[in-house]
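*Asks:* here is my input; please provide its structure:
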Amino acid sequence: MSILLATLISLCGTALTSLMLWPLLRMLSDDMARGLVLLLLLPGLATALWWVPEVHVSSEWGRALLRGLCLAPLALVAPLHARARLAPNLRRAAAGLGADARARARLLWWPAYGAPVLLGAVLALVAGLGGTVLGDLHLPGPVITHTR
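*Replies:* Below is the predicted model of the structure:
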């Protein structure tokens, strides 16, 4: 499988996982959601870069999707930061002023979340590409030695 195809599959896995996690994170407060994502960020990156290339999966597609699943917290950091900056009653105020769902999406959500979602996608793309390249290099993972 080519590096580009594996990276795109990884990005699709990240997008699917992020879309599944977003409703759960919306139920939490801003601080709790950011804390949860930050707790999962470093283990997810380490898993995507060192553990996923060593997993014996029946297909390269599965390995790329698994890498994307591990990179989902990285893609969610910027949108969660943008959510914390928004006023909590902004959606209700826009609806009260007569904006329908389409107008709110165009005038409120796209300007608020457009750049952070793009930044999260670029970060996940770069990390997925790095994980794919590291996986193709077949570098050994971290070695733990026991000394007495």
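*Asks:* switch to C-alpha atoms for all contacts and neighbour counts from now on
*Replies:* Noted.
*Asks:* elements contacting the worst-scoring helix or strand of the chain on mean pLDDT?
*Replies:* Least confident helix or strand, the chain: helix 90-96 with a mean of 77, by mean pLDDT, DSSP states H and E. With contacts taken as 3 or more CA pairs under 8 Å, 6 or more residues apart in numbering; DSSP states H and E, helix 90-96 sits against helix 101-104.
*Asks:* residues making contact with the helix it packs on?
*Replies:* Outside helix 101-104, the residues that touch it by CA atoms under 8 Å, 6 or more residues apart in numbering are 91, 94-95.
*Asks:* so where is the chain shaky, pLDDT-wise?
*Replies:* Where the chain drops to pLDDT under 70, the residues are 1, 52-54, 135-148.
*Asks:* can you give me the strands in it?
*Replies:* With DSSP state E, there are no strands along the chain.
*Asks:* for it, what spans make up the helices?
*Replies:* Under the criterion DSSP state H, helices of the chain are mapped to 3-27, 30-46, 60-70, 72-85, 90-96, 101-104, 110-137.
*Asks:* and the fourth one, how far out from the chain middle?
*Replies:* Meaning helix 72-85. Computed by CA atoms, centre = their mean, to the nearest Å, the chain-centroid distance of helix 72-85 equals 9 Å.
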